[in-house]
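1. return a 3D structure for these sequence lines:
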Amino acid sequence: ACIAAEVGIVMCYFQLCREDHRWWWRSFCHTGATGGFFFLYGVWYAQHELRLTNLTANLIYYGYMGTTAIGLFLMTGTVGFCSAYWFVWHIYAAVKVD
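-> This next block holds a predicted model:
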């Protein structure tokens with residue numbers, strides 16, 4: 001969770017430095033991409049290590065792997081978004097308007 005929060009804050013900071021203020025979905029997707037990489041690793045592992053031959057075994061494996069990857073995407077994406085939101089709220093709250 002700490003790594004997802006740090007990545008969310010850093011990527012949001014880079015976007016704000018480029019004056020790109022559409023950080024909402026990108027902060028979610030940047031950190032949520034962990035779920036995609038997890039699923040791709042699961043596919044590689046199934047092809048090279050498990051050698052599943054049965055259709056039922058493949059359906060169960062990829063079904064659970066997909067469900068787990070989606071859950072990981074949602075969890076890390078939420079952590080990244082909340083940390084980026086906290087960061088943006090604090091930096092803009094520090095701006096003094098005369």
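2. in what helix or strand does the residue positioned nearest the centre of the chain lie?
-> Nearest to the mean C-alpha position of the chain, counting by C-alpha atoms, centre = their mean, stands Gly32 at 1.2 Å. For Gly32, the enclosing helix or strand under DSSP states H and E is helix 24-45.
3. mind listing what's buried in that helix?
-> Residues 26-28, 30-32, 34-35, 38-39, 42 are the ones in helix 24-45 that count as buried (16 or more other C-beta atoms under 10 Å). All C-beta spots, glycine's among them, are computed from the backbone N, C-alpha and C.
4. can you check stretch 64-84 too?
-> Buried, per 16+ other C-beta under 10 Å, within stretch 64-84: 65, 69, 72-73, 75-84.
5. ok, which stretches of the protein are helices?
-> 2-17, 24-45, 55-93 (DSSP state H).
6. and Gly42, what does it touch?
-> 61-62, 65, 68-69 (C-beta atoms under 8 Å, 6 or more residues apart in numbering).
7. what's the burial count for Trp89?
-> 10 (other C-beta atoms under 10 Å).
8. and what of Ala4?
-> 21.
9. wait, doesn't it sit right on Ser83?
-> Yes. Counting by C-beta atoms under 8 Å, Ser83 is a contact partner of Ala4 at 7.5 Å.
10. so Val88 sits against Cys12, correct?
-> Yes. Contact criterion C-beta under 8 Å: Val88 and Cys12 qualify, at 6.5 Å.
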